[in-house]
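Colleague: How does the following fold in three dimensions:
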Amino acid sequence: MHPDWISLPEARDTVVGAMRPLAVERLPLPDALGRVLAEEIVSPLDLPPWDNSAMDGYATRAADVAGASVDDPRVLRVVDDIPAGSFPSRRVEPGTASRVMTGAPVPEGADGVIRVEHTLGGDTPAAPEFVRIVSDFDAGKNLRRRGEDLRRGERAMEVGRVLRAAEIGVAASLGRDRLAVVRRPVVGVLASGDELVDIERFDEVLAGRRIVSSNGYALAAQLAESGLHARLLGIAADDPASLREHLERARGCDALITTAGISVGAHDYVRDVLLDMGLETEFWRVRMRPGSPFAFGRIGSLGDLPWFGLPGNPVSCMVTFELFVRPALLRMAGHRDVYLPTVNPQLRTDFPQRAGLTQVVRVTLAADAGGEVTAALTGPQGSGILTSMAAADGLMVIPEDREGARAGERFPTMVLHGAPLRGAPGY
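Modeller: Numbers count the residues shown, from 1 in each chain. Here you go, the predicted structure:
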């Protein structure tokens, strides 16, 4: 096997295995959303800090309301009114009840809260001193016990936890206004090619002289989907001086993505310029289609900056990002689970292929009434047909030793935009 043309699994494991989490920073709580926690969070208090009511209603003793019904209500004297934010002034004794709002502390002596819907009277100014309980369904219920969520000294969140909305809420409830998190990578994105222009020059595209550099926009969007920050470095000409000037703009980034320019064409200068800048490569090609011209290494003159060399064809660019770059950058951001979830659908149509290359096929996924998942091709699979990615629900991985795939066979398929992510690849 030529060391510059490695298998898809080898390329994936090499790229992801080379990444280490970035440094830790402390952020205000609202800014920590989506980051990876870099400290253990221990609760400084019981949560909730007291027994409290889960309903608007009446705190009672179960023995006092047993057997209550519309035809045979239990009449209790109301001895206290406890809105949220206040505390009980007295116990609940036999034959009494306290009016209590949701979240308010439940007084001693009570062992449940009868919701307002199961009562008559007691909540009107005309007869505030008594309440009639017309159902015992809530007897002994609707209490949220002290510490049932967290106990003082208990670990609330571990290092490596991804901070979603719920985690932000937990941290706030524990009084944490700042959190230590792994720094989010800043990723330089550079396109190259004399044929490329930005959208602002679309008149040249309409005139048939240029094409839009869609890769930069797609990659920036893929990075944003992962909670990562893209720094667009522009479009370099097929010229060594222009390439070097644009590559120098990646200083200060945590990683660099380039598209195109690493094949063997007469005007593919990216490779030569990077080698002149001290590039140490791990590999140059992967035995896969689309996306064979994918390379990975570190650029010495840019501080050993991790470099991902992606193909120029738009489908190849997006596919290699999903397979290699996204999980690697998520690992750099501190994530433990970095791989898209996979399913094992049944292929609905034949897919002819020659052995020797792993095929990454864009498919739509569907499930029948019984939950059986099937996959169909999105249409033509050319590496320039970007709409095949837009239509895809998943990327089906057909091993390189297969001469062809037949309808009815099953192959691992990465679910695009799927969650939760996995700690190990399923393909």
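Colleague: in the stretch 151-300 of the chain, which spans are strands?
Modeller: Here the stretch 151-300 of the chain has its strands, by DSSP state E, counting those that start in this stretch, at 155-157, 178-182, 186-192, 196-197, 211-212, 229-236, 255-259, 279-283, 285-286, 288-289, 295-299.
Colleague: what distance separates the third one from the centre of its chain?
Modeller: On the basis of C-alpha atoms, centre = their mean, to the nearest Å, strand 186-192 is displaced by 22 Å from the centre of the chain it belongs to.
Colleague: How about the last one?
Modeller: Its chain's C-alpha centre lies 26 Å from the corresponding centre of strand 295-299 when counted by C-alpha atoms, centre = their mean.
Colleague: Could you confirm residue 58 falls within a strand?
Modeller: Yes. Applying DSSP: H, G, I helix; E, B strand; the rest coil, one finds residue 58 inside a strand.
Colleague: Tell me how many other residues surround it.
Modeller: 28 (other C-beta atoms under 10 Å). Just so you know, the C-beta spots here come from the backbone N, C-alpha and C atoms, and that holds for glycine as well.
Colleague: next one: residue 146
Modeller: For residue 146, the neighbour count with other C-beta under 10 Å is 17.
Colleague: cool, and residue 75?
Modeller: So residue 75, with other C-beta under 10 Å, has 15 neighbours.
Colleague: Doesn't residue 319 belong to a strand?
Modeller: No. Going by three-state DSSP, the assignment for residue 319 is helix, not a strand.
Colleague: Residue 280 pairs with what?
Modeller: Taking DSSP bridges as the rule, residue 280 bridges to residue 298.
Colleague: That one is in contact with residue 297, isn't it?
Modeller: Yes. Using C-beta atoms under 8 Å, residue 280 is in contact with residue 297, at 5.3 Å.
Colleague: who has more neighbours, the two?
Modeller: Counted by other C-beta under 10 Å, residue 280 and residue 297 do not tie: residue 297 has more neighbours, with 21 against 12.
Colleague: Give me the distance between the more buried one and residue 144.
Modeller: 56 Å (C-beta to C-beta, to the nearest Å).
Colleague: repeat for residue 261
Modeller: Noted for residue 261: a distance of 61 Å to residue 144, by C-beta to C-beta.
Colleague: which stretches of the chain have low pLDDT?
Modeller: For the chain, the stretches with pLDDT under 70 are 1-3, 122-128, 263-267.
Colleague: Domain map for it?
Modeller: What automatic domain parsing lists as the domains of the chain is 5-22+184-332, 24-46+160-182, 52-144, 342-415.
Colleague: Now do the last one: distance to the chain's middle.
Modeller: The one in question is domain 342-415. Here domain 342-415 is found 24 Å from its chain centre; the criterion is C-alpha atoms, centre = their mean.
Colleague: gap between the two ends of that domain?
Modeller: From its first residue to its last, domain 342-415 covers 6 Å (C-alpha to C-alpha, to the nearest Å).
Colleague: got it, and the first one?
Modeller: Domain 5-22+184-332 stretches 25 Å from its first residue to its last (C-alpha to C-alpha).
Colleague: how far is it from where the chain is centred?
Modeller: Domain 5-22+184-332 sits 23 Å away from the centroid of its parent chain (C-alpha atoms, centre = their mean).
Colleague: got it, and the second one?
Modeller: Shown here is domain 24-46+160-182, whose average C-alpha point lies 16 Å from the average C-alpha point of the whole chain (C-alpha atoms, centre = their mean).
Colleague: That one: end-to-end distance?
Modeller: Its start and end residues considered, domain 24-46+160-182 measures 5 Å (C-alpha to C-alpha).
Colleague: sorry, back to before: quick check: which of the strands of the stretch 151-300 of the chain is buried the most?
Modeller: A comparison of the strands of the stretch 151-300 of the chain by mean neighbour count, using mean count of other C-beta atoms under 10 Å, puts strand 255-259 on top with a mean of 27.
Colleague: And residue 261 and residue 144? Which one has more around it.
Modeller: Shown here are residue 261 and residue 144; by other C-beta under 10 Å, residue 261 has more neighbours (26 against 17).
Colleague: residues contacting the residue lying closest to the more buried one once chain neighbours are set aside?
Modeller: Distance criterion C-beta to C-beta, 6 or more residues apart in numbering; nearest residue to residue 261, sequence neighbours excluded, is residue 270 at 3.3 Å. Residue 270 is in contact with 192, 243, 258, 260, 261, 262, 309, counting by C-beta atoms under 8 Å, 6 or more residues apart in numbering.
Colleague: now residue 270: how far from residue 64?
Modeller: From residue 270 across to residue 64, the span is 81 Å (C-beta to C-beta).
Colleague: cool, residue 10 as well?
Modeller: Note on residue 10: its distance to residue 64, by C-beta to C-beta, is 72 Å.
Colleague: Settle it for me: which of those two has more neighbours?
Modeller: Between residue 10 and residue 64, counting by other C-beta under 10 Å, residue 64 is the more crowded of the two (23 against 14).
Colleague: Okay, and the more buried one sits in which element?
Modeller: helix 62-65 (DSSP states H and E).
Colleague: Please put the alpha-carbon coordinates of that helix into PDB.
Modeller: Provided in PDB are the C-alpha atoms of helix 62-65 (Å, rounded to 0.1, in the frame of the first residue of the first chain):
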ATOM      1  CA  ALA A  62     -53.400  12.200  53.700                       C
ATOM      2  CA  ALA A  63     -55.400  10.900  56.600                       C
ATOM      3  CA  ASP A  64     -57.600  14.000  56.600                       C
ATOM      4  CA  VAL A  65     -58.600  13.600  52.900                       C
END
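Colleague: So what touches the helix or strand following that helix?
Modeller: Heading C-terminal from helix 62-65, the first helix or strand you meet, by DSSP H and E, is strand 74-82. For strand 74-82, contacts defined as C-beta under 8 Å, 6+ apart pick out 58-60, 64-65, 67-68, 88-90, 92-93, 95-101, 104-105, 107, 122, 128-133, 136.
Colleague: now, which of these lie within helices?
Modeller: Mapping the contacts of strand 74-82 onto helices (DSSP state H) picks out 64, 65.
Colleague: max-length helix in this protein?
Modeller: Determined from DSSP H, the single longest helix within the chain is helix 214-225.
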